[in-house]
Each structure stands twice: as structure tokens, then as C-alpha cells.
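S.K.: Next one to model:
(chains A and B)
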Amino acid sequence: DAMVIQNPRYQVTQFGKPVTLSCSQTLNHNVMYWYQQKSSQAPKLLFHYYDKDFNNEADTPDNFQSRRPNTSFCFLDIRSPGLGDAAMYLCATSRGDRGANEQFFGPGTRLTVL
Amino acid sequence: GESVGLHLPTLSVQEGDNSIINCAYSNSASDYFIWYKQESGKGPQFIIDIRSNMDKRQGQRVTVLLNKTVKHLSLQIAATQPGDSAVYFCAENIDQGGKLIFGQGTELSVKP
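M.R.: Numbering: from 1, shown residues only, chains lettered A, B, ... in the order given. Down below sits the predicted model:
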């Protein structure tokens, strides 16, 4: 089945130690998104790629970076995780047709910062 | 450390009853809306969508109503089941790039 895959599902890191979260998709979608979701809150968009075109949200901290080496894969790099970065990180994809279309979400990676 | 979690609005219903979850959206120019269901520890799952040229759309056991005059969206779930227990988010599309803005979320609890 076509899907969005996130690895690992659970990630533990130490304060200040860089960490990379991975997302892959078999949907061949043009757009890939990264969201941060904290407890009892809505997902908050960090950035997205339309093909290779990177779009950063204005309030996304510089501590968060992303890479998309090809259509299938997208990575979220947190350069120096703080305690406040502990959250669920969700990857999503969409076709990217002009106008709106559905976003398909992965299962998320739960990040713990010690 | 992590900020204290907010308390989501909660809707508690009896199994078999109908549920109505409401959402107020922010942008009058939004032209596409989605309802997502999110179970604990999982990613959001698409339930139903509606475009701004429609007032109502029905799926299997779910109906979405859109009132553009007051910028209000609702999700109706018929014959609610324990498996419907989850957090429900509405989301609005605000630009041609397909970017979604999520609403606050409502936690639905179904009592057997």
C-alpha cells in the first residue's frame, strides 16, 4: 500500500545533541511537510518542500532544518535540541496540484529530550 | 521545558448516539476544508473534506457542513462507536500551495 513512513517511531536524545528524523513516501507526491505537535495541541507546520523548493514558516526556529535529497525522502534535523523541542513530529505529503488537496500523514516520531 | 499542555474541548457521547463536533475557521478566503481523526500516538487520519462551493458533504456515517457566512464547519458522526474515540481536528487551506492551518481539536469520548 502506498504510504508515508517515519523512522524511528520513538527517538530519545540528549539536550544539545543533534538528531535527525526521517520520512519516506511511496505516494510519489510532490509536496512533503513537517509538523511539530505538542501534547493536546494541533499540529504546527514547520516547513514544506514543493519538489525541491523549500518553504520555511516565519516562526520556525533556526534550530530546525530540513533536507529533501529526492522525491521519496525528507529529513528533519534538529541541530541542538532543547527540552522545549520534545514533541511528536509528523511528516505529511500531498500531490501538490494547483489549489487544495488532501495531506496524508505518517505515524509520527515521538522525540524525547533528556 | 515543554509548555504545559492545553486542555482540549471534550465531547462525551453514549455509544449509538450521534455526535456533532464544531469548528470555527479563521480565513474567509479559505476554499478547502478537511476533518482529521487522530488516535493517541498516531498521525492524523483523513475523514472527509469539503470545498467552499459546497454546503454539505456526506460520507460513510459522517457528514460535514460548511457555513461560510459565519465561518463555521461541523462534523456529524452517526451512530457513534467506541472506535470513534479520538481527537478530531478541522483544517483549512489558506493558499494555492495547499498549506493547511489546523483548528484547536476536540476530544471525542464514546461511552459504551
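
S.K.: CA atoms for contacts and neighbours, from now on please.
M.R.: Noted.

S.K.: got the residues of chain A near chain B?
M.R.: When proximity is defined as CA under 8 Å from any CA of the partner chain, chain A approaches chain B at A:38-44, A:82-86, A:90, A:94, A:96, A:98-108.

S.K.: Where does pLDDT dip in chain B?
M.R.: For chain B, applying pLDDT under 70 flags the ranges B:1-7, B:96-97.

S.K.: where exactly do the strands run in it?
M.R.: B:10-14, B:19-24, B:32-38, B:45-51, B:56-58, B:62-67, B:72-77, B:86-93, B:100-102, B:106-111 (DSSP state E).

S.K.: nearest residue to residue 32 other than its sequence neighbours?
M.R.: You didn't say which chain, so I picked chain A. Closest residue in space to A:Met32, ignoring its immediate chain neighbours: A:Thr93 at 4.4 Å, by CA to CA, 6 or more residues apart in numbering or on different chains.

S.K.: let's do chain B instead
M.R.: The shortest distance from B:Tyr32 to any non-neighbouring residue, by CA to CA, 6+ apart, is to B:Arg51 (4.4 Å).

S.K.: tell me the centre residue of chain A?
M.R.: A:Trp34 (2.7 Å; CA atoms, centre = their mean).

S.K.: can you pull the buried residues of stretch B:45-61?
M.R.: By neighbour count on 16 or more other CA atoms under 10 Å in any protein chain shown, the buried set for stretch B:45-61 is B:Gln45, B:Phe46, B:Ile47, B:Ile48, B:Asp49, B:Ile50, B:Arg51, B:Lys56.
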